[in-house]
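Q: I'll drop the sequence and a predicted model, then ask my questions.
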Amino acid sequence: EQLSELKDLEDAVVYLQRAVDVTPEGHADEASRYCNLGQALLERYRRLGKLPDLNSGIEYLEHGLSRTADTHSAKTGFLVNLANALEKRFIRYSKQEDLDKAIASLRQATALVPEDHADRAPWIESLGALLQRKYEQQGGISDLEDAITSFHQSINLSPPGHPQGAQRLSNLASALQIRFGRFGKIEDIDNAIVYLRRALDVASGGNARNATLFENMGIAYYTKYMHLREYEDIDKAVTHLKQSIDYTEDDCIDKPQRLDSLGVALLARFQTTKDGRPEDLEAAISAIEKAISLTPDEHAHKGIFFEDLGIILRKRYERVSKDPSDLEGAIRYNRLAVDHTPKDHPSRPTMMASYGVALEARFEHSNENKDLDDAILALQRAVDATPRDHAEMASRLAHLGSALKRRYSLRGEAPDLENALSAISKATNETS
């Protein structure tokens, strides 16, 4: 049956192409024929994934729409399909023009339908998602504000009990969290938590939906904790992330990331109190070890999981065990994180810094010159790769300065003292 349907689609493309080929410019049916051919090509792309169909489908739809009156009953549907196709091409090629055109198409579609139109809410929701993606690409605050407005509208247009209600509340919460990260206004993160709680109250999507919502709630509380450093927030973060994992099957592609998030939150809870709870460290290590075991070697996030496990092992060495094997494990996983991560990845400077700090910690009891030299090299590379306005720049300069000063005290080489004083001075200026 599927082969028969595909044969019908292939035949439709052939006949629609012939119709377009014989249609003179300005013909009364020019717009509809181009749009119909574009739709058919995009449907074939959806089934077979051939890029020429995507590109040609967009081209024919754009041509047809440019000649379609706003009053035409099918125009809004064509605009939405064009937006979806442009988004797919943007995801593949990252051309900003495609994202801008997709946003413009959805804006036009929503403007052409009445307020009570059945498809207005999902179209506005999609518009919000595209605007948020544009913000994440370019950082324009007006795009984020428009995304938040769109998500609000999609919620207001959703009747009670709507199957997409929880997702739309979650979308709004996500955008508010992003704005909180930009400006630090506590009402944004508080409102995000309120909307996520409402989403959990109305969720009806089964385990997968609940797992995502609990994960988002846990991350929201973790984000709030990082701002206010209140124990109640990190405790709730851990609770919700555990619930997320309880709802997640081992073969779910999101499970490793959720396990890693739990591990990071458990480490934060351990560090919140002076004495800490060693069981939090043990649970954190167990969670991230499982995340690593479930993640293929080629996965882009595996380096981050290595990094997080290395950090936790070093914390256990420093605050609990003093067991050299923990420090050796930390260095091994920090090195794996660096080796696994592309040089231009934004997380790589953080990984280099962690690797350097762990090597310096080993030097304290090994007194091996190579450990100190390697630590300084890693710390220098971390500083060199860190943007000047980065929040961690001062800390990385301070670590580098301290390591250089220590080497000067041992070997008395003047360049180490000069570089140490320069790094410490820059670190001081960064924090003043």
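A: Structure received.
Q: Just the pLDDT at residue 204, thanks.
A: Note for residue 204: predicted pLDDT of 69.
Q: Likewise for residue 2?
A: In the prediction, the pLDDT value recorded for residue 2 is 57.
Q: roughly how far out does stretch 21-31 sit from the chain middle?
A: 45 Å (Cα atoms, centre = their mean, to the nearest Å).
Q: wait, I meant stretch 384-399
A: Per Cα atoms, centre = their mean, the centroid offset for stretch 384-399 relative to its chain is 22 Å.
Q: Any buried residues in it, and which?
A: By neighbour count on 16 or more other Cβ atoms under 10 Å, the buried set for stretch 384-399 is 385, 386, 390, 392, 393, 394, 395, 396, 397, 398, 399. Glycine gets a C-beta too; all of them are placed from N, C-alpha and C.
Q: Run through who's touching it.
A: Here stretch 384-399 makes contact (Cβ atoms under 8 Å, 6 or more residues apart in numbering) with 348-350, 352-353, 356-357, 360, 379, 382-383, 423-424, 426-428, 430-431.
Q: Equivalent analysis for stretch 146-158, please.
A: Contacts made with stretch 146-158 from outside it, assessed by Cβ under 8 Å, 6+ apart, are listed as 115, 120-122, 124-125, 127-129, 131-132, 135, 164-165, 168-169, 171-172, 175-176, 179.
Q: Now, of those, which are buried?
A: Listed as buried from the contacts of stretch 146-158 are 120-121, 124-125, 127-129, 131-132, 135, 165, 168-169, 171-172, 175-176, 179; burial here means 16+ other Cβ under 10 Å.
Q: Leaving out sequence neighbours, find the closest residue to residue 131.
A: Leaving aside its sequence neighbours, residue 131 sits nearest to residue 147 (Cβ to Cβ, 6 or more residues apart in numbering; 3.8 Å).
Q: Can you report how many residues lie near that neighbour?
A: Close neighbours of residue 147, defined as other Cβ atoms under 10 Å, add up to 26.
Q: Same check on residue 26?
A: If you count neighbours by other Cβ under 10 Å, residue 26 ends up with 7.
Q: and what of residue 71?
A: For residue 71, which is what you asked about, the neighbour count (other Cβ under 10 Å) is 7.
Q: any idea how far it is from residue 407?
A: Distance, residue 71 to residue 407, by Cβ to Cβ, to the nearest Å: 77 Å.
Q: Using the three-state scheme, assign the residue nearest the centre of the chain.
A: Taking Cα atoms, centre = their mean as the criterion, residue 136 is the residue nearest the geometric centre of the chain, at 9.1 Å. State at residue 136, reduced to three classes by DSSP: H, G, I helix; E, B strand; the rest coil: helix.
Q: pLDDT weak spots in the stretch 1-150 of the chain?
A: Counting by pLDDT under 70, the ranges of the stretch 1-150 of the chain that qualify are 1-4.
Q: follow-up on the earlier one: quick one, what contacts the residue nearest to the centre of the chain?
A: Here residue 136 is in contact with residue 178 (criterion: Cβ under 8 Å, 6+ apart).
Q: Quick one: buried ones out of the contacts of stretch 384-399?
A: Among the contacts of stretch 384-399, those that count as buried by neighbour count (16+ other Cβ under 10 Å) are 348-350, 352-353, 356-357, 360, 379, 382-383, 423-424, 426-427, 430.
Q: Select, from those, the two members most distant in space.
A: For the buried ones among the contacts of stretch 384-399, the maximum inter-member distance is 24.0 Å, found between 348 and 424 (Cβ to Cβ).
Q: Residue 83 and residue 108: what is the separation?
A: With Cβ to Cβ as the criterion, residue 83 and residue 108 are 9 Å apart.
Q: That should have said residue 374, apologies.
A: Note on residue 374: its distance to residue 108, by Cβ to Cβ, is 58 Å.
Q: Repeat that for residue 428.
A: Residue 428 sits at a distance of 54 Å from residue 108 (criterion: Cβ to Cβ).
Q: next one: residue 32
A: Noted for residue 32: a distance of 18 Å to residue 108, by Cβ to Cβ.
Q: for residue 318, same thing?
A: Between residue 318 and residue 108 the distance, using Cβ to Cβ, works out to 58 Å.
Q: Residue 21: neighbour count?
A: Here the neighbour count serves as a burial measure; for residue 21 (other Cβ under 10 Å) it reads 9.
Q: same thing with residue 156?
A: Neighbourhood size, residue 156 [other Cβ under 10 Å]: 10.
Q: where does it land on pLDDT?
A: In the predicted model, residue 156 carries a pLDDT score of 95.
Q: Leaving out chain neighbours, which residue sits closest to residue 101?
A: Residue nearest to residue 101 in three dimensions, not counting chain neighbours: residue 86, with 5.1 Å by Cβ to Cβ, 6+ apart.
Q: contacts for the strand or helix carrying the one you found?
A: According to DSSP states H and E, residue 86 maps onto helix 75-93. The list of residues contacting helix 75-93 from outside it, by Cβ under 8 Å, 6+ apart, reads 35, 38-39, 42, 45, 51, 54-55, 57-58, 61-62, 64-65, 68-69, 95-96, 98-99, 101-103, 105-106, 108-109, 112-113, 119, 123, 126, 130.
Q: ok now it, how far from the chain's centre?
A: Averaged C-alpha coordinates place helix 75-93 at 22 Å from its chain's average position (Cα atoms, centre = their mean).
Q: Just the buried positions in it, please.
A: Along helix 75-93, these residues count as buried under the neighbour rule (16+ other Cβ under 10 Å): 75-76, 78-83, 85-90.
Q: Just checking, which helix or strand succeeds that helix along the chain?
A: Using DSSP H and E, the next helix or strand after helix 75-93 towards the C-terminus is helix 96-112.
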